[in-house]
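Undergrad: Got a predicted structure here, sequence first:
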Amino acid sequence: MSADFTVVPFAPRLRLSCATVVACVTDAPGLEPDADGLASADIVIADGRIVAIEASGCEAGAEEASIALDDGLVLPCFVDMHTHLDKGHIWPRRPNPDGSFDGALNATRDDREAFWTAEDVARRMDFSLRCAYAHGTRLLRTHIDSISPQQRISWPVFFDMRARWAGRIDLQACSIMPLDERTSDALLDELAGYAAACQGAVGGVTIPAPDAAHHIRRVLEAAGRHGAGVDLHVDETMDASVDTLSLVAEAVLETGFTGRVVCGHCCSLSVMDDDDARRVMDKVARAGLAIVSLPLCNLYLQDRGGSATPRRRGVTLLHELTARGIPVAVASDNTRDPFYAYGDLDMLEVFREATRIGHLDHPVGGWPRVVTAAPAEIMGRPDCGRLAVGLPADLVLTPARTWTELHARPQSDRVVLRDGRPIDRRLPDYRELDDLMSVPSRATRTARAATGA
């Protein structure tokens, strides 16, 4: 950029001139998007809110400070609707031994039982949220492991964190545990109460079993009693015969449940034959379900086969679902834990990789919505993930002028504005968590190796 876009002044009234905006996340009139859905615009901010989105070239007001973005792409702050803050960053003390799904389940269970005190969960949650905030996330939903008695530890920590982070990241939560006979009605009611208190959802993992439909209905009933939504982990497997997604759709249709129901993963849908997949997606559309895809975690876990190269990657049928009008979002999922060894809750990274993995391009069309407006709408927050007059000036400014420039680099020099003010984007150092992990320094490890200790 010709101007130093990384220096954004704070002013009572500020004009971001010569910006590039994404047409599918703004309803501003008078813009002329190109074939990639990008348009040139000036964004005017006053008192922390967007007060005008105008075609570029408009005269700046006498009382306006102005910065020229030289066609830099401006996005609304991100919405990450499927994460696991309570699991985050346990990898150093509990790695996945083989990268498999079973390895992840067992390692996480052992770590939870050994270490998940309120202090441990709180410190890792806060670390994760600082990462997400620095990268530009505005609204986030986390799943909370709720196998008794862990729910009595982790949910109070979440509510405390929700209060502490208010105004920076708005937090919702939903429960996660196996949906089977071990989950009592009393526990479901307890969790539904927690979910309703944070505009979250009752969740769980659907288990392919003869009584699966019964347990799915129990979740819907508990959510209905408390006015909560439902957010389930569904069919996270490459077994094409597994289809609890249909059971969820049928239960919603048969019970008349009116709350929002979200199904995450839906990996087996990607390996069904075409006729079966169409049948399932038609049910999903009729039931009004929303689908969230977690491509990075699914690529990590699915089709692990020792020394064999993975062929079936588990990313659900994003294009086909969208073509049916089914709401679709993409999210981070796990972060540096046994289910995904990597990640940093950076939704720009998630969008970049999802674009490559799922061919969310040629044309780009409405795909930028999957990390902005679409998850916000699914979560009941249409005020997030959009650029519109009257909304807070929560923006991500990048030097990239086109999609190819945006996706070619990690945009580490992005600027994040919250209420029109640049935030401190310094990321927390992993060393902050070393005492929780009992991680010795490299020098100590080297000395121990040399002495045989």
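TA: Thanks, I have it. Residues are numbered from 1 along each chain as shown.
Undergrad: alpha carbons only for contacts and neighbour counts from here, please
TA: Fine.
Undergrad: who's in contact with residue 121?
TA: Shown in contact with residue 121 (CA atoms under 8 Å, 6 or more residues apart in numbering): 86, 87, 154, 157.
Undergrad: wait, is it part of a helix?
TA: Yes: membership of residue 121 in a helix is supported by DSSP: H, G, I helix; E, B strand; the rest coil.
Undergrad: Mind listing residues that contact stretch 260-271?
TA: Under CA under 8 Å, 6+ apart, the answer for stretch 260-271 is 229-243, 245, 277, 288-294, 298, 312, 314-317, 378.
Undergrad: List only buried entries from the residues you listed.
TA: With neighbours counted using 16 or more other CA atoms under 10 Å, the contacts of stretch 260-271 contain these buried positions: 229-238, 240, 242-243, 245, 277, 288-294, 298, 312, 314-317, 378.
Undergrad: Which members of the residues you listed are positioned in helices?
TA: 245, 277, 298, 378 (DSSP state H).
Undergrad: what separates the first one from residue 287, distance-wise?
TA: Plainly put, residue 245 is 11 Å away from residue 287 if you go by CA to CA, to the nearest Å.
Undergrad: Could you pull out the buried residues of stretch 372-382?
TA: For stretch 372-382, using 16+ other CA under 10 Å, the buried residues are 372, 373, 374, 375, 376, 377, 378, 379.
Undergrad: With stretch 152-170 instead?
TA: Buried residues in stretch 152-170 (16+ other CA under 10 Å): 153, 154, 155, 157, 158, 159, 161, 162, 165, 168, 169, 170.
Undergrad: how is this structure carved up into domains?
TA: Here the domain parsing of the chain from automatic domain parsing is 13-75+387-422, 78-378.
Undergrad: who wins for proximity to residue 434 among those?
TA: Residue 434 lies closest to domain 78-378 among the domains of the chain, at 8.6 Å (CA to CA).
Undergrad: Check the separation of the first and last residues in the closest one.
TA: Start-to-end span of domain 78-378 (CA to CA) is 14 Å.
Undergrad: same thing with stretch 422-429?
TA: Using CA to CA, the end-to-end distance of stretch 422-429 comes to 21 Å.
Undergrad: And it, what's buried?
TA: Across stretch 422-429, burial judged by 16+ other CA under 10 Å covers 422, 425.
Undergrad: Name the residues that touch that stretch?
TA: Counting by CA under 8 Å, 6+ apart, 8, 10, 127, 130, 131, 133, 134, 135, 415, 416, 417 sit against stretch 422-429.
Undergrad: And the residues you listed, which of them are buried?
TA: Listed as buried from those are 8, 127, 130, 131, 133, 134, 135, 415, 416, 417; burial here means 16+ other CA under 10 Å.
Undergrad: for those residues, which one is nearest residue 256?
TA: Among the buried ones among the contacts of stretch 422-429, and counting by CA to CA, the member closest to residue 256 is residue 133, at 37.7 Å.
Undergrad: Would you mind giving the secondary structure of the closest one?
TA: Following three-state DSSP, the label given to residue 133 is helix.
Undergrad: My guess is it contacts residue 169. True?
TA: Yes: assessed by CA atoms under 8 Å, residue 133 is found in contact with residue 169 at 6.8 Å.
Undergrad: With adjacent residues omitted, what lies nearest to the most centrally placed residue in the chain?
TA: Computing the C-alpha centroid of the chain and ranking residues by CA atoms, centre = their mean puts residue 80 first, at 2.6 Å. Distances taken as CA to CA, 6 or more residues apart in numbering put residue 140 closest to residue 80, at 4.8 Å, once the chain neighbours are dropped.
Undergrad: related to what we said a few turns ago, the domains of the chain: lowest mean pLDDT?
TA: Across the domains of the chain, domain 13-75+387-422 has the smallest mean pLDDT, namely a mean of 94.
Undergrad: Now do the end-to-end distance for that one.
TA: 14 Å.
Undergrad: Same question for stretch 297-306.
TA: End-to-end distance for stretch 297-306: 18 Å, by CA to CA.
Undergrad: buried stuff in it?
TA: 297, 298, 299, 300, 301, 302, 303, 304.
Undergrad: Just the closest of these to residue 253, please.
TA: Residue 253 has its nearest neighbour among these in residue 298, at 28.4 Å by CA to CA.
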